[in-house]
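J.: A predicted structure for the sequence below; I have some questions about it.
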Amino acid sequence: MDRYYWGVDLGGTKIECAVIERSTDMCVVRERIATDSDQGYAHILNQITLLIDRCAEQLGQRPLAIGFGTPGTLDPHYGVMKNCNSTALNGKPLDKDLTELLGAKVVLANDANCFALAEAHFGAAKRVKPNAEVVFGIIMGTGVGSGVVVNSKCLYGCHGIAGEWGHNVIEPDGAPCYCGQSGCLETVISGKGLERFYAEQSGQALSLPEIVTRAAENDLHAQATMARMSHYFGIAAAQIINVLDPDVIVIGGGVGNIDALYQQAEQAILPHLFNGELNTQIVKPDLGDSAGVFGAAALVK
């Protein structure tokens, strides 16, 4: 077995690599490079190769396997990337191309899966419940993404879309979503969705942190926005708990920084839960921006 396990977070603006010592779970090499995604697919592959070469030179050995966190999903039926916001990756056999270029086994997962995996292996979920069977990781920022970890491994599903919680319709007559549906959870409780609701109610465009501040200052429109967030989070989270019954839910992203979300979670979830009490722990993440690259590494741990 390789002494180290390697992870790469493939983002739209940067590519980051971390090499972790297997025996200690300590990061021994960490480097990043610009993605330059506007220069096309071949350039992205070249940047990844350059980054791996740099890390291998520092370490004195090349990887046998590398986990990659990607801004989209590998379609399990067609073997190509889909739903990538770095559009140069869409339709490309990324895992096969990387395997050939790097001479190593390659495992891919989207960024939300890597977030969930990182918090399960190294972060908040491990801290509050080390033997958690099921961890549900949510990124609530400009959008809403999520990942499912079962027995320390990512759940991908038949279509490779396990955990796409943000694209379940929660408000049938709601705002249109880029996915083609209307009223997706993402359009309701994402940062953009909350900002849009506040603007519709108040006639004033504010950032989410400003809305949170206004709510504490008794702005009625801001308070209504926070109440809407908690209400719909409660319904949607209860659906996840009813189906997956996670030990821990970890919430990252800008919306995940709002204390009211946690303070009101139990009250919002219980009316919709198929159980008389809520034992799932709902917590903030521990790893911050490091979750992506550490979660990618955990793919090959």
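T.: Everything's here; your move. Bear in mind the structure is a predicted one, so any value in this text is a computation, not a measurement.
J.: per-residue pLDDT of the spatially most central residue of the chain, please?
T.: Central residue of the chain (CA atoms, centre = their mean): Ala112, 2.1 Å from the mean position. Here the pLDDT value assigned to Ala112 is 94.
J.: how far off centre is the helix or strand it falls within?
T.: Element membership for Ala112 (DSSP states H and E) is helix 111-121. Taking CA atoms, centre = their mean, to the nearest Å, one finds the center of helix 111-121 at 7 Å from the center of the full chain.
J.: got a list of contacts for the helix or strand just after that helix?
T.: Proceeding N to C from helix 111-121, the next assigned helix or strand is helix 124-128, under DSSP H and E. Taking CB atoms under 8 Å, 6 or more residues apart in numbering as the criterion, the residues outside helix 124-128 that touch it are 119-120, 132, 135, 137, 149, 247-248, 250, 281, 283-287. For the C-beta atoms, the positions are set from N, CA and C on the backbone; glycine is no exception.
J.: mind checking which of these are in strands?
T.: 135, 137, 149, 248, 250, 281, 283 (DSSP state E).
J.: my guess is the second one contacts His121. True?
T.: So that's Gly137. No. Look at Gly137 against His121 with CB atoms under 8 Å: they stay out of range, at 11.2 Å.
J.: which of the two has more neighbours?
T.: For Gly137 versus His121, neighbours defined as other CB atoms under 10 Å are more numerous around Gly137 (32 against 19).
J.: mind telling me what element the residue lying closest to the residue nearest to the centre of the chain once chain neighbours are set aside is part of?
T.: Nearest residue to Ala112 in three dimensions, chain neighbours excluded: Gly145, at 3.6 Å (CB to CB, 6 or more residues apart in numbering). Using DSSP H and E, Gly145 falls within strand 144-150.
J.: the longest helix anywhere in the chain packs against which elements?
T.: For the chain, the helix that runs over the most residues, judged by DSSP state H, is helix 220-244. When contacts are defined as 3 or more CB pairs under 8 Å, 6 or more residues apart in numbering; DSSP states H and E, helix 220-244 sits against strand 134-140, helix 185-189, helix 191-202, helix 208-216, strand 248-252, helix 259-263, helix 265-269.
J.: 6 Å instead, please
T.: helix 185-189, helix 191-202, helix 208-216, helix 265-269 (3 or more CB pairs under 6 Å, 6 or more residues apart in numbering; DSSP states H and E).
J.: which parts of stretch 275-283 are buried?
T.: 278, 280-283 (16 or more other CB atoms under 10 Å).
J.: try stretch 241-252
T.: Applying 16+ other CB under 10 Å to stretch 241-252 flags 241, 244, 246-252 as buried.
J.: cool, and stretch 2-15?
T.: Quick answer for stretch 2-15 (16+ other CB under 10 Å): 4-11, 15.
J.: just stretch 148-162 next, same as before
T.: 148-150, 154-156, 160, 162.
J.: could these be laid out in CSV, adding distance to Met26 and pLDDT?
T.: Shown next, in CSV, are the buried residues of stretch 148-162 (distance: CB to CB, whole Å; pLDDT from 0 to 100):
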residue, distance to Met26, pLDDT
Val148, 27, 98
Val149, 22, 98
Val150, 26, 98
Cys154, 23, 95
Leu155, 28, 96
Tyr156, 28, 93
Gly160, 32, 90
Ala162, 30, 94
